[in-house]
Every structure is written in structure tokens, then in C-alpha cells.
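Q: sequence and predicted model, in that order:
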Amino acid sequence: MSDRSLLVVVLAAGEGTRMKSRLPKVLHKVAGRTMLHHVLAATRAAGATRTAVVVGPGREDVAAEAMRIVPDAQVFVQTEQLGTAHAVLAARAALEQGADDVLVLYADTPLVRPETLARLRAPLAEGAAVAALGFEPEDPTGYGRLVTSGDELVAIREEKDATAAEKAVRFCNAGLMALSGKDALSILDRIGNANSKGEYYLTDAVEIARADGRSAVAAKADVDEVAGVNSRIQLAEAEAILQKRLRLSAMAEGVTLIAPETVFFSADTVLGRDVIVEPNVVFGPGVTVGDDVVIHAFCHLEGAQLAPGVSIGPYARLRPGTRLDEGVRIGNFVETKAAHIESGAKVNHLSYVGDAHVGAGANLGAGTITCNYDGFFKYRTEIGAGAFIGVNSALVAPVTIGAGAYVGTGAVITSDVPEDALAIARSRQVVKEGWAKDFRAARADAKKKG
Ligand code: UD1
Ligand code: CA
């Protein structure tokens, strides 16, 4: 990584009206994290020394998300939207602090990779004043065009201001730009708004740098990396691109995906070696999976840690705070939440285990339910190592089942069960010989009489 200091300026002041959302555009999520988070993760990985985020007026939510990801980020408010150069200048105080390199990104372009940012920035170390990132979209309509001459970038022309010849250029401006730190302010301050939109165009930096006798260059990126998100349709397109990337990287790292196109990851999903994921599995945020885990079909996981050798599903739902130690088995139609289940324990069928701790080797029979909520508060259930819970048992928390204890089938357990004890908590079975036969006869008789 470069030892040059890097100031990142992320533009997040756009209204995002085409999203038709109460939520600001850059807080919409792709693969479980906000677009702003994606951009800040990429800039952090690319070695950002300082981060400035430009937000619209009253956008405390966007500012808070920026600070959550980069706690020392500087947030600037662009009070009026007068163009991309004007937006960058909202971060003037950060630019004045100086940096070797300045990188400008849009928060609604979430798929850019750190390697690409490094490539974009590299020419600055060789003396270039400006570097822009270009790409070749299928349809260039609406994009600024990169006018080049050999390796040099001559100008970026916005479509509305372009000549017919310039419009024919297919090499388009992705919007990301690198500027030499010592020249950035002087260049930006000379950008005017004498153009068809009356906006301060960041893209004018190219011609100003060249007029100073400095060089400007273009780097090229894949379409899939610079796709901007302006609508829900483009949000879904970005999701598809990212899911494809996450699936390929999981497989490259030694995970078997039987039907990759049916498995959905979060950007932060961590998977070990020799994990097998069957079809139709969704990984929400915060999931870590150890080596040799098997995830059967139709599972949903979120905020869960799975140690090596765990097996879950089919149809298991692991909710936040789930921690499964080595070799734990979670079977079909089992839901867990805030539950630590120790090694070798089994919850194989139709159960809910919430706010609970289950000791090693315990066996929870089909239909075991922790009754953790009384409508007001949540309570914990403790199940000791090696305990055996008979099927269809309700464990009314707070309650402790001692290690090695046995709970008989169909129990409603409301008080603690000591270690190695047997607890039976169900009503006695009553048998009345011939009762059903007599009952049917009496009813048939009554019906005949009307
Ligand atoms: C811009 C580029 C264009 C490029 C295109 C790629 C300029 C002048 N043009 O055009 O060459 O092909 O992006 O998508 O830079 N923003 C602010 N404050 C402002 C204006 C914009 O924060 O005052 C933010 C927007 O939220 C958005 C980004 O900057 O994320 C780009 O602005 P937008 O107006 O969409 O630029 P384009 O016209 O699409
Ligand atoms: Ca745009």
C-alpha cells in the first residue's frame, strides 16, 4: 500500500428522489450493509488516512452512519446542491488540512473495489494532478464523456454540453476522481458554473489542471464496479452483482455451494473451509461459520456464530445472538435466538430456544419451547450439560434444568430441576373403558329421535 496520505471525500448529499423512499438513498442496503458503508469500507481498505463525508441538510442519519463506520470521519453539510465541485468544496476544511492524495467518490456507487481505488490514485504519485475513472456502459446516455488523447485525459464533457463528436465517445466518467492534494483546492476554487446546467462541475478539474500545464489521466473500471444506484431497480441490479461476487469468492475460498444462485450472503459473512451450503439459504448480517459446517436447504441465519462441524437445517432459523459450539446439531423447524448451545448438543426438531444456555451434549426433544417472554420482560433458561428434555416440553423461564436431569415428555416446567433428577409435569392419564363406544351410541340415538 502507498505511504502517501489519502483524504477521501464521499459525496452523499443527493436527494435520491428516484428511490421514492423516506430513507435517504445512501442508507439503502446492498448485501446487508448500507451503500455508504460499502464505499467507506472500500476507501478504508484502500488506505484512507482521513475521511470527509458531505451530507445534505438535516441528514443526521447519514452522518451517524458515516461515524459508525469511520468514527473519526469529518461530516460536512452541503446546504444547497450546486453541483459536484461545490459538494467537494463543502469539505474545504478537510482539504485545507492537506493530504498527498485526494479521492472523491459518490456514496451511491457502492460496488467499487479497493484495488480499483489504488489504480485510480497511482498516477498522482507519478506527478499527475487529476485522474478520473472511466468505464464503457452499454448505453452512455447521460454520462460525462472522457475525451482522451493517447494516455492523456484532455477533458470530461457532460452530455448536455457535448458536441456530436464528443457524444460519440463511449468511454464514460464513472464519477470517481483522484486529485493531487497540493493542487486540489486551487483547482476546485477555479471551477465556475458557466454551463448548460449552471452547476459547478467537478469534471472541469481536468481542463483546469491541463491549463496549468499539469497532466490528467484516466483509469478504466469494469461496468459492474461503477454502477450507480438511482432507483430500486438499480438497487436490485447492484445486489445481484454483489451476490455474484460474494458467491464466487466463497467458492474460491473452499466453500461448496450446490446451487450458488440461490444462496444470498451479507457483505460481512465469514465462512470456513469445506463448508457445504445447500440450496436456498440466506445469510443476514453478522454470521461467522467455522470449517466443515453443513447448512442444509432453506436456512435463514443472522448474527450467528457456528463453530466447526456444526450442522443446521433444513429449515433452521438462527437469529441474532446464536452461538453454536463444535458439533452442535440444529434440525428442521428450529428457531434459536440469544442462545449459546455448547458442543455436541442437539435440538433436532420443531423447537424454540431463546435467551438460553444449553450445556454440552444436552438433547432437546421435538417441540421443546423456552417460554422466555411474559409480554413485558425476557427471562433466561439454563439447561445443564447432558440434560434430556422430553418432547413437547415448555420450559417457563426463568428456570434452570440441572446437568444430567431428565424432563419427561409433555412437561410444563415452572420451577428448577436439580442435577440428575427426573421431573414429570403433566396431568395424569385417565382411561375409561368402553366410554367412546357408549358415547357414540347415545349420540346416534339422540339424532334419530330428532
Ligand atoms: C456526474 C458526473 C458525470 C458522470 C456521472 C456518473 C459531474 C459534473 N458529472 O453526473 O460526468 O458521468 O456523475 O454517474 O460531476 N452531489 C452532491 N451535491 C451536489 C451535486 C451532486 O452531493 O451538489 C452528489 C450526488 O448525490 C451524487 C453525485 O454527487 O451522488 C453525482 O451527482 P449527479 O448530480 O447525479 O451527477 P451527474 O449529473 O449524474
Ligand atoms: Ca447521477
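A: On my side now, so go ahead. Ligands and ions are numbered 1, 2, ... in the order given.
Q: C-alpha from now on. contacts and neighbour counts both.
A: Fine.
Q: compute the first-to-last residue distance for stretch 90-109.
A: 20 Å (Cα to Cα, to the nearest Å).
Q: typo on my end, it should be stretch 267-285
A: Counting by Cα to Cα, the terminal residues of stretch 267-285 are separated by 8 Å.
Q: just stretch 107-117 next, same as before
A: Start-to-end, stretch 107-117 (Cα to Cα) is 14 Å.
Q: next one: stretch 26-46
A: End-to-end span of stretch 26-46 (Cα to Cα): 20 Å.
Q: same deal with stretch 386-401?
A: Span of stretch 386-401 from end to end, Cα to Cα: 10 Å.
Q: what's the answer for stretch 85-96, then?
A: With Cα to Cα as the measure, stretch 85-96 spans 15 Å from end to end.
Q: give the buried residues for the longest helix along the chain.
A: If you go by DSSP state H, the chain has its longest helix at helix 232-252. Going by neighbour count (16 or more other Cα atoms under 10 Å), the buried part of helix 232-252 is 235, 237-244, 246-247, 250-251.
Q: please enumerate residues in contact with it?
A: Here helix 232-252 makes contact (Cα atoms under 8 Å, 6 or more residues apart in numbering) with 19, 30-31, 111, 224, 227-229, 257, 260-261, 263-265, 267, 271.
Q: show me what the helix or strand following it is packed against.
A: Using DSSP states H and E, the helix or strand that follows helix 232-252 towards the C-terminus is strand 255-257. Judged by 3 or more Cα pairs under 8 Å, 6 or more residues apart in numbering; DSSP states H and E, strand 255-257 is in contact with strand 275-277.
Q: partners of the strand it packs on, with directions?
A: strand 255-257 (parallel), strand 294-295 (parallel) (DSSP bridges).
Q: so which of these is the most packed in?
A: When the strands paired with strand 275-277 are scored by mean count of other Cα atoms under 10 Å, the highest mean neighbour count falls to strand 294-295 (a mean of 24).
Q: adding distance to G98 and mean pLDDT, write the strands paired with strand 275-277 out as TSV.
A: Formatted as TSV, the strands paired with strand 275-277 follow (distance: least, Cα to Cα, whole Å; pLDDT from 0 to 100):
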stretch	distance to G98	mean pLDDT
strand 255-257	44	99
strand 294-295	50	99
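Q: ok, what's across the strand from the spatially closest residue to A178 that is not a sequence neighbour?
A: Counting by Cα to Cα, 6 or more residues apart in numbering, the nearest residue to A178 once its immediate chain neighbours are dropped is L103, at 4.4 Å. Beta-bridge pairing for L103 (DSSP bridges): V8, A178.
Q: surely L103 touches G181?
A: No: look at L103 against G181 with Cα atoms under 8 Å: they stay out of range, at 9.0 Å.
Q: thinking again about what came up before, and which of the contacts of helix 232-252 is nearest ligand 1?
A: Using Cα to the nearest ligand atom, G228 is the member of these that sits closest to ligand 1, with 6.1 Å.
Q: what about the closest one, which SS state?
A: Counting by DSSP: H, G, I helix; E, B strand; the rest coil, the backbone at G228 sits in coil.
Q: one step back: give the buried subset of the contacts of helix 232-252 as a PyMOL selection command.
A: To isolate the buried ones among the contacts of helix 232-252 in PyMOL, judged by 16+ other Cα under 10 Å, type:
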select buried, resi 19+30+31+111+227+228+229+257+260+263+264+265+267+271
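Q: closest one of the contacts of helix 232-252 to A118?
A: Proximity of the contacts of helix 232-252 to A118 (Cα to Cα) peaks at L111, which lies at 14.6 Å.
Q: so who does the nearest residue to that closest one once chain neighbours are set aside touch?
A: In this structure, L111 finds its nearest non-sequential neighbour in E225, 4.8 Å apart by Cα to Cα, 6+ apart. Each residue near E225 by Cα under 8 Å, 6+ apart is listed here: T109, P110, L111, V112, R113.
Q: gap between P320 and ligand 1?
A: 33 Å (Cα to the nearest ligand atom, to the nearest Å).
Q: assign that residue to helix, strand or coil.
A: With three-state DSSP as the criterion, P320 reads coil.
Q: so who does it touch?
A: Contacts here follow Cα under 8 Å, 6+ apart; on that basis P320 touches E302, G303, A304, K337, A338.
Q: so is stretch 147-166 next to ligand 1?
A: Yes: using Cα under 6 Å from any ligand atom, stretch 147-166 reaches ligand 1 at E158.
Q: may I have the beta-bridge partners of R329?
A: Going by DSSP bridges, R329 forms beta bridges with S311, K346.
Q: isn't it right up against K346?
A: Yes: using Cα under 8 Å, R329 makes contact with K346 at a distance of 4.8 Å.
Q: surely D274 meets D292?
A: Yes: the pair D274 / D292 is scored as a contact, 4.9 Å apart, by Cα under 8 Å.
Q: circling back: top of the contacts of E225 by neighbour count?
A: Neighbour counts for the contacts of E225 were taken using other Cα atoms under 10 Å; the highest belongs to P110, which has 30 neighbours.
Q: so that residue, which state does it fall into?
A: Classification of P110 using three-state DSSP returns coil.
Q: give the contact list for it.
A: Residues near P110 by Cα under 8 Å, 6+ apart: M35, L36, H38, V39, E225, V226, A227, G228.
Q: now the fifth one: how far from L117?
A: When you say that, I think you mean E225. Taking Cα to Cα, one finds E225 at 11 Å from L117.
Q: for the third one, same thing?
A: Distance, H38 to L117, by Cα to Cα: 13 Å.
Q: swap in the first one?
A: In this structure, M35 lies at 16 Å from L117, with Cα to Cα as the measure.
Q: so these two - more neighbours on which side?
A: A count of neighbours by other Cα under 10 Å puts M35 above the other of M35 and L117, at 26 against 23.
Q: wait, that one sits on Y106?
A: No: applying Cα under 8 Å, one finds M35 not in contact with Y106, separated by 9.7 Å.
Q: okay, the nearest residue to G365 once chain neighbours are set aside: pLDDT?
A: Spatial nearest neighbour of G365, chain neighbours left out: V391 (4.3 Å); criterion: Cα to Cα, 6+ apart. pLDDT for V391: 98.
Q: wasn't V391 part of a strand?
A: No: if the criterion is three-state DSSP, then V391 is coil and not within a strand.
Q: surely it touches G367?
A: Yes: contact criterion Cα under 8 Å: V391 and G367 qualify, at 5.6 Å.
Q: check the gap between G321 and ligand 1 for me.
A: For G321, the distance to ligand 1 equals 36 Å [Cα to the nearest ligand atom].
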